[in-house]
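Participant: this is the structure alone, sequence omitted:
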Ligand SMILES: N=C(N)NCCCC(=O)O
Ligand SMILES: [Zn+2]
Ligand SMILES: [Zn+2]
């Protein structure tokens, strides 16, 4: 077996040089097959407040240039034991949400249908719905761990059924989640109505509120999540606004009192060994960034997902 094609060697071409791919990895078309695809979804027509997440994929790729081959926190060479590729950006109509949703679903499905794992860089949170539909076509219902300040189980905005505030309600209505397996982590901030919380519970979610971190450690939260997930196929969706605005200023609907990037990285690392089938990092709106704070966080989160995939090899494509 030929070894995977890894990153462009930073000792030959410095990491700030050359064309941009995620972590300076090969493009999908440059290799024969892949175990993990990293793809962008430059879509932000579903936002309710500040726009700009369509620029997330390209800025996160820029910030990912610094990523090195060895992840000491998980003791793994994420690009050394599996073929990881940059699959480019999925097509998504910038004007019509329903059309974009179908394009994203089909584009994601084409990448995972032969067993590869997918890490997606958003884009606003609307994209989680078509990504979950693609996952469902291959894996059936999944356990969801959703990191976010927001529930994203609202019903409609201005009568629109699919926006960045509604993907997990639509997905739950369609039976895309395994009963009793899913959780939101990092919920905080103002709601529209107390019923937002009861509706969410009825859809089958449990919540680790940000305020719970006053009493629970990262290890406690990991234990709670692992108990719910078991060995189910797992999809992890990270809305970057789960981080405090100090750790991720560049996002469309920021909320005070969020997680630190260290807490979030710690929880993700605690998911090692689980059956991760896909993950996304969404809601990075680079125009609001300062010193690349948010894009660096997002690139490092994607790196953890690729590392988790390496610890539990899949079928590959
Ligand atoms: N998915 C994110 N980031 N935000 C949803 C916020 C929905 C609202 O404006 O009420
Ligand atoms: Zn959010
Ligand atoms: Zn969200």
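Facilitator: Cool, got the structure. Treat the numbers as computed from the prediction; the structure is a model and nothing was measured. Ligands and ions are numbered 1, 2, ... in the order given.
Participant: close to ligand 1: what parts of the protein are there?
Facilitator: Applying CB under 6 Å from any ligand atom, we find that the chain lies next to ligand 1 at 48, 49, 125, 150, 152, 164, 165, 239, 241, 252, 253, 283. For glycine as for every other residue, the C-beta is placed from the backbone atoms N, C-alpha and C.
Participant: so which of the residues you listed comes closest to residue 15?
Facilitator: Of all the residues of the chain next to ligand 1, residue 15 sits closest to residue 283, with 26.0 Å by CB to CB.
Participant: what residue is smack in the middle of the protein?
Facilitator: residue 280 (1.7 Å; CA atoms, centre = their mean).
Participant: and the helices in this protein?
Facilitator: Applying DSSP state H to the chain gives helices spanning 56-63, 97-112, 128-139, 167-173, 195-202, 218-229, 261-269, 293-311.
Participant: which one (most neighbours) among the residues of the chain next to ligand 1?
Facilitator: residue 283 (33 neighbours; other CB atoms under 10 Å).
Participant: surely that residue meets residue 241?
Facilitator: Yes. With contact defined as CB atoms under 8 Å, residue 283 and residue 241 form a contacting pair (5.6 Å).
Participant: now do the shared contacts for these two.
Facilitator: Common contact partners of residue 283 and residue 241 (CB atoms under 8 Å, 6 or more residues apart in numbering): 251, 252, 253.
Participant: of these, which belong to strands?
Facilitator: Nothing among these maps onto strands, per DSSP state E.
Participant: give me the mean pLDDT for stretch 34-52.
Facilitator: For stretch 34-52, mean pLDDT is 98.
Participant: how many other residues sit next to residue 214?
Facilitator: 7.
Participant: need the contact list for the nearest residue to residue 270 once chain neighbours are set aside.
Facilitator: Leaving aside its sequence neighbours, residue 270 sits nearest to residue 222 (CB to CB, 6 or more residues apart in numbering; 3.1 Å). By CB under 8 Å, 6+ apart, the residues touching residue 222 are 266, 267, 270, 271.
Participant: how about the stretch 151-300 of the chain: which residue is closest to ligand 1?
Facilitator: Closest approach between the stretch 151-300 of the chain and ligand 1, counting by CB to the nearest ligand atom: residue 165, at 3.3 Å.
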